[in-house]
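whatever this is, show me its structure:
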Amino acid sequence: MSDAKHTMSVAALALWVCLFWIGAGCQRIPAPITGGPLIGITSDYEQAKGDKSAETTAGFAYVRAVVENGGVPVVLPTVDEERILQKYLDTLDGLVLIGGDDIPPEAYGEQPHETVRVLTKERYEFERKLIARWLARGKPLLGVCLGMQFTNVVSGGTMIQDIPSEVGTKVNHKAYHRVQIEPGSTLAKLLGATEASVLSSHHQAVDRLGKNLRPMARAEDGIVEALERTDGKFGLFVQWHPESMTDLAHRNAIYGDLVRAAALRK
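Numbering: from 1, shown residues only. I've put the predicted structure just below:
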């Protein structure tokens, strides 16, 4: 690609940041975007109801975490078209998979638990394709909450469909809680610790691990709280929400690592 075409591509994608901050509000960017790798951020999808048109949304906390660590955020609308998927794959340098509702249990060969609230069909179909192709490309990937679970399922893994009824209530997984981090893991090196207090909001968890994934952290009840890729590609997955935590060093360690890895591929 020529320099001129690359510049036009970057400008066009950066414009999408404004166009697709739907629901997040037009908040002021904390620092000016003057460069850096393009980081895609997936979005939730709400179907049209009555006179209300369909919406695609992403919390501003994801955007802010990318910006403050030097990346250029590009919120990705849920458009399940081949040319759109291909453009994302070819142009973006890194990807953040955000949180959301539950993966359809039939995706991993199970019947749904009564507590399951599945993703919209539009988001599920779009994102499963994006994740599978992104993993195959080997580009830097950060999965948050559902993003970690979705990656595990796309990689052939399964889910605990409801922690309270299947595991217990020893740990409140919808609040701050402690996790033990595997010594020597990517996460332990990033945080400089083998224990952390994290903010999560989930009722499901990884059960059987998918291909090329290994645990990096667990809660006191044994629930897997973080994963990493084992095939040498950058893939960091956390069950909590670092972008929403008050511990900025923790947030920046995780999002900063994604941005740095993406910058190396530019």
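
at the geometric centre of this protein, which residue do we find?
The C-alpha lying nearest the average C-alpha coordinate of the chain belongs to residue 97 (Cα atoms, centre = their mean; 2.2 Å).

now it: closest residue in space, sequence neighbours ignored.
Nearest-residue entry for residue 97: residue 147, 2.8 Å, with adjacent residues in sequence omitted and distances by Cβ to Cβ, 6 or more residues apart in numbering. Placement of C-beta: from N, CA and C, glycine included.

got it, and residue 63?
Nearest to residue 63 is residue 73, by Cβ to Cβ, 6+ apart, at 4.6 Å.

what's the neighbour count on the one you found?
As a burial measure, residue 73 scores 26 neighbours (other Cβ atoms under 10 Å).

quick one: it is in a strand?
Yes: counting by DSSP: H, G, I helix; E, B strand; the rest coil, residue 73 is part of a strand.

hmm, residue 62 and it touching each other?
Yes: between residue 73 and residue 62 there is a contact under Cβ atoms under 8 Å: 7.4 Å.

so what sits against both of those two?
residue 41 (Cβ atoms under 8 Å, 6 or more residues apart in numbering).

contacting residues for the residue nearest to residue 97?
So residue 147 contacts 42, 96-99, 237 (Cβ under 8 Å, 6+ apart).

may I ask which of those residues has the most neighbours?
When neighbours are counted by other Cβ under 10 Å, residue 42 leads the contacts of residue 147 with 29 neighbours.

picking that back up, can you put the contacts of residue 147 in TSV and add pLDDT?
Formatted as TSV, the contacts of residue 147 follow (pLDDT from 0 to 100):
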residue	pLDDT
42	98
96	98
97	98
98	98
99	97
237	98
